[in-house]
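K.L.:
Give me a model of this one.
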Amino acid sequence: MGALLVLFATGSTGYTIARSLGERVALLAQLESLLQYLITEIDYGLTPFPQALERSGRSLGPAITGFCSRILSDLEEGKPLRLAWEQGVATLVALTPLQPQDGEPLLVLGPVLGLSDRRDQLRHLKLAWEHLHYAQREAELEAQKKQKLWRYTGLLSGLVIVLLLI
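P.N.:
Next up, the predicted model:
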């Protein structure tokens with residue numbers, strides 16, 4: 001019975017790490033979509049940033065919806081957009097499988113959003129989108145390489161522990 005528990009614990013740890021690699025890829029893709037929606041809303045819809053953020057964040061998964069909601073609620077409390085954006089990014093990175101470098105393209109947007117003209121904001125949004133797109137492709141390659149490794153490592157390390165205990 002103890003051997004099964006060891007196998008289950010190490011195997012589930014490996015699977016959890018492998019799943020977080022896949023979740024990171026999905027979150028980066030959702031952030032890309034968010035920026036693309038913002039670009040569209042600001043460029044073609046001429047929508048003010050808070051309204052564009054509200055519309056854009058509705059259908060992109062719970063983490064991104066929460067990110068957008070937090071920023072909007074901070075804005076309603078009177079916080080400046082830069083501060084609300086930076087705190088939202090920090091919270092998103094802290095509560096998800098995103099790595100700190102994944103949030104850097106978003107943090108660069110903080111000082112620009114809402115303070116410059118439409119063209120400048122669009123330029124910065126497109127640049128951040130390109131950085132996120134590159135990070136998403138890199139994360140995808142890393143996940144492809146490491147997901148199987150973590151799954152097998154979890155199970156095999158459990159087998160080694162069981163064999164050592166016998």
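
K.L.:
For residue 155, report the pLDDT, please.
P.N.:
We have a pLDDT of 69 for residue 155.

K.L.:
Compute the distance from the centre of stretch 41-53 to the centre of its chain.
P.N.:
Put simply, stretch 41-53 sits 22 Å off its chain's centre (Cα atoms, centre = their mean, to the nearest Å).

K.L.:
Give me the contact list for that stretch.
P.N.:
Here stretch 41-53 makes contact (Cβ atoms under 8 Å, 6 or more residues apart in numbering) with 37-38, 55-56, 68, 71-72, 75, 81, 113-114, 118, 121-122, 125. Every C-beta, even on glycine, is put in place using the N, C-alpha and C of the backbone.

K.L.:
Residue 131 contacts residue 103, correct?
P.N.:
No: contact criterion Cβ atoms under 8 Å: residue 131 and residue 103 do not qualify, at 10.7 Å.

K.L.:
Between these two, which is the more surrounded one?
P.N.:
residue 103 (22 against 18; other Cβ atoms under 10 Å).
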